[in-house]
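Participant: Just a sequence and a predicted model for now, questions to come.
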Amino acid sequence: MLPEEAAAYVNKCFNGEPASCTYACPFNMDIRSFMEKAARGRWLAAYRELRNAVIFPAIVSALCDQPCRSYCQRADVGDEALAVRDLEEAVIRLTKSRKPENYFIPAKSGRVAVVGAGPAALSCALLLAQKKFAVTIFEKEAVWGGSLRRHPKFPEFDEEFAIQLSDVDIEFRYNNEIKELEALSSYDAVYVATGKNGDSFGLLPDWNAELYSTSVSGVFLGGELVGKTLIEAIAQGGVASKIIEGYFLSGSIKKQPEPDRSKRLRFLRRKDLEKKPLVLKSGDVYSEEEARAEASRCLLCDCDYCEAGCEMLNYYKKKPKKIGLEVHTDSMAASTVSPKTITRETYSCNICGYCKSVCPEGVDIGALLQFSRADRFNQNKNIPAYHDYWLRELDFYSGEGFFAAPPRGKRTCTHAFFPGCRLGAGEPGYVVKSYDYLAEKFDAGLILGCCGAPAYWAGDNNRLDSNISLLRQSWEKLGRPVMVLACAYCKYIFSLFMPEIPCVSIYEIMGEDGSVRPVSYFDEAAVFDPCAARNDIKMQAGVRRIAGRAGVKIEELEQPNRCCGFGGHISLANPDLYDIITANRAEASDKPYIVYCANCRDVFFQKNKSSAHILALIFGIEQRATTLQEKKANSLEVKRIMMKKLSGEDFTPQKPPWDELSLSMPRLLREELDRQLIIEDDLKEAIWMAEASGDKFINDAEGVCQCSMVKPALTYWVQYKKNGPLLYEVRNAYCHRIKFIKED
Amino acid sequence: MNSNDNNWKCAKCDMPLVKKKTLFTYLGHNITYEVSRCPKCGSVFIPKELAEGKMAEVEAQLEDK
């Protein structure tokens, strides 16, 4: 993986970057930091923030037309923008000592001549002198100030120049007009800032606006001389000092980095934010208390929307750009020695698109982590145990559980029902009755299978591709019908990988069909929209229409389309986080839920949250919780019924030899095994193999046996007691991922 | 259910289990650990407490590496 491949997913994230106001400020001042300090009454710290950015605070504050206020996001919520200038003025007044900071830096050898003593000249001279360059100012008048001397507030500005220049060594040569540049030939660099219509020594036509340089080596121009405003001239003096410093250090003239000013237009989406009116001044200047109150109105704009809402990002507390970096470094790490930093996080993401939906820039961390999963899978750096069960389940649905057929007596169809793998697994009646409904309405065929989401989430692109080929070929064979889907995630996967296939949600069809008369189920309920239906307005509306016809008073969740927790198959990679997410979803409303995703329904069974699938309202079939083993059996039953219905053929599932075993076990153990994704078929296989080979352990005192079965991702253990021919009581079962090597 | 290793024997060899250093492997890392085994055929016995305790801990550490 190339670093830019990972970075491309997150490079629009602006967490930690300056706020919009800073991008509008000619001095790029960190206004957010200034406000934060002022709000806490840290006047000196706030003052230094101001001074370091604007050089002459009292002057800039008085003259600046505050472009920052046009981009203040307080205004975005209907309040007045922060009173930046008034706060600056207050901070200047409230700072006890404005004595400039002096750093012990050794004197530098570069000699600089500055022509002029106006604001541009003085700002450049001051900053270079601070860095201990030898600076000499040549001014034709007898005093400093340049054009500012005509300003009514000049006495205050004069004092400000005196304060800021009080602690640096600058040689002032007044009454000293430079007429020819040759007079300054003994200096290493010259900054000409002679003011509006001032003398440029004929260099203005060749002036380089980015480098401030001229056709004469070491001679730079700036300030009002080159057409800048006063404020721009002061800011430019600061930039010029850096260019000249760089010129001394490296001998070359380099453009100083300029912030991307278009970022001032970057606004965060503000919702339900408390309004705070502008704090008014009781006197000429804000009092201490007033200044703190006004600065407290600052929203300290920084984006954390994804982390604030996503449990996974909140759990790990890593910022998107760091995630991008770590995805790359993990990808490059050698498998055995280099530590990886983001493995578990990669497999803890629901890949639900929530982060993208709340991000002002649409950054999709789920897509990055899915990309990383695929990269890890390709490099054999995945953790097989996390997704082993789900991939085996996918193989079942694209193998023995798969079935595709046109309607009875036909070769093709206009529509084909694709219920997805888990609808019938939870309740066969939902698939059978939905098909019957569609078959009455349309010339409807059927495809039973899985969309491939388990492979997508595991990063197993080969498996995903072969499943897509299977679906596509079946669709072609059926005469390219409109696919009628019952699962939002299937629809999402179809749109991603089979965009040419027209799809419609069965809930949309049923919602528009007034003849569908759902039964009354709940008086009141919240609709729990699945994450994959986030942008599927028609599907969402269909479900609401059906529920409305059933007389349900619908409550909308505060945060719709949050993943129930099932997405991304995170339960084995991060069981704690899975519990947090599923509990949060179950508690999002005290009303029962109407769901339309079979996986959401399963999660709420686990959490004992009162819920019903929308099809329960339509067909009046109450669903009960099912184990993984029952889901498999239900899927085969759906296939048996539908094969008979559409093809007239009898379906006999393949039965492995261990299928004839009958197991009993305590309910709690069964639930625990389901949680660990260990199904009864695995236990039967292990027992059958052990009994056939005699490869097992015996505990005579307890009268029980124990055996193991080594599979590629897991080693299974079963402790059991034989209660009769083919009859076994499972006392315990567990698994581990580490493999033992049976050598001596 | 008591899974004290002392109560178990290898069904095939009819031998009580003994502690023996055994090589384990996971995600390309090798670990040696002493576990109960049949002294004759070498069959490895992993009790639940080991699988869900120490082994799960090591698995988690290696997965995070």
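Facilitator: Received the coordinates, thanks.
Participant: CA atoms for contacts and neighbours, from now on please.
Facilitator: Fine.
Participant: next one: stretch A:590-598 to chain centre, how far?
Facilitator: Centroid separation between stretch A:590-598 and its chain, computed with C-alpha atoms, centre = their mean, to the nearest Å, is 26 Å.
Participant: Give me the neighbour count for the spatially closest residue to A:Phe371 that is not a sequence neighbour.
Facilitator: Computed as C-alpha to C-alpha, 6 or more residues apart in numbering or on different chains, the closest residue to A:Phe371 that is not its neighbour in sequence is A:Gly459, at 7.3 Å. Neighbour count for A:Gly459, taken as other C-alpha atoms under 10 Å in any protein chain shown: 23.
Participant: ok now do the residue most central in space within chain B, which residues does it touch?
Facilitator: Centroid-nearest residue in chain B: B:Ile46, 3.8 Å away (criterion: C-alpha atoms, centre = their mean). By C-alpha atoms under 8 Å, 6 or more residues apart in numbering or on different chains, the contact list for B:Ile46 reads B:35-36.
Participant: Contacts only, for residue 25.
Facilitator: Picking chain A for this. Here A:Cys25 is in contact with A:66-68 (C-alpha under 8 Å, 6+ apart).
Participant: oops, chain B please
Facilitator: Contacts of B:Thr25 by C-alpha under 8 Å, 6+ apart are A:738-741, B:31.
Participant: go again using 7 Å as the cut-off
Facilitator: Going by C-alpha atoms under 7 Å, 6 or more residues apart in numbering or on different chains, B:Thr25 touches A:738-740, B:31.
Participant: what's the answer for A:Tyr720, then?
Facilitator: Neighbouring residues of A:Tyr720 by C-alpha under 7 Å, 6+ apart: A:704-706, A:728-732.
Participant: secondary structure element for it?
Facilitator: strand A:715-724 (DSSP states H and E).
Participant: Skip ahead from that strand and say which helix or strand is next.
Facilitator: Following strand A:715-724 in sequence order, the next helix or strand is strand A:727-736 (DSSP H and E).
Participant: got the angle for that next one vs strand A:715-724?
Facilitator: Strand A:727-736 and strand A:715-724 are oriented at 170 degrees to each other (axes from the mean of the first three to the mean of the last three C-alpha atoms, to 10 degrees).
Participant: Share the number of residues neighbouring A:Ser213, please.
Facilitator: 24.
Participant: name the element the nearest residue to it once chain neighbours are set aside belongs to?
Facilitator: Leaving aside its sequence neighbours, A:Ser213 sits nearest to A:Phe220 (C-alpha to C-alpha, 6+ apart; 4.5 Å). A:Phe220 is located in strand A:219-221, with elements delineated by DSSP H and E.
Participant: Would you mark the buried spots in the following helix or strand past that strand?
Facilitator: For strand A:219-221, the following helix or strand on the C-terminal side (DSSP H and E) is helix A:230-250. Neighbour counts over helix A:230-250 (16 or more other C-alpha atoms under 10 Å in any protein chain shown) mark A:230-248 as buried.
Participant: Name all residues that make contact with residue 64.
Facilitator: As the question left the chain open, I've gone with chain A. If a contact means C-alpha under 7 Å, 6+ apart, then A:Cys64 has A:Ile231 as its contacts.
Participant: I was after chain B.
Facilitator: So B:Asp64 contacts A:340-341, A:343-344 (C-alpha under 7 Å, 6+ apart).
Participant: so the nearest residue to A:Glu311 once chain neighbours are set aside is in which element?
Facilitator: Using C-alpha to C-alpha, 6+ apart and skipping residues adjacent in sequence, the residue nearest A:Glu311 is A:Ile581, 6.6 Å away. Take DSSP H and E as the rule and A:Ile581 turns out to sit in helix A:575-586.
Participant: Quick one: end-to-end distance for stretch A:147-154.
Facilitator: End-to-end distance for stretch A:147-154, by C-alpha to C-alpha, to the nearest Å: 10 Å.
Participant: which residues make contact with it from outside it?
Facilitator: Under the contact criterion C-alpha under 7 Å, 6+ apart, stretch A:147-154 has outside partners A:Gly118.
Participant: Show the model's pLDDT score for the residue nearest to the centre of chain B.
Facilitator: For B:Ile46, the model assigns a pLDDT of 97.
Participant: Can you tell me how far the closest residue to A:Gly41 other than its chain neighbours is from chain B?
Facilitator: Residue nearest to A:Gly41 in three dimensions, not counting chain neighbours: A:Arg292, with 6.1 Å by C-alpha to C-alpha, 6+ apart. Noted for A:Arg292: a distance of 46 Å to chain B, by C-alpha to the nearest C-alpha, to the nearest Å.
Participant: Flag every buried residue along the helix or strand hosting A:Arg292.
Facilitator: According to DSSP H and E, A:Arg292 maps onto helix A:288-295. In terms of neighbour count (16+ other C-alpha under 10 Å), helix A:288-295 has its buried residues at A:288, A:290-295.
Participant: Show me what that helix is packed against.
Facilitator: Other helices and strands packing on helix A:288-295, by 3 or more C-alpha pairs under 7 Å, 6 or more residues apart in numbering or on different chains; DSSP states H and E, are helix A:31-39.
Participant: The helix it packs on to helix A:288-295, inter-axis angle?
Facilitator: Going by the same axes, to 10 degrees, helix A:31-39 makes 150 degrees with helix A:288-295.
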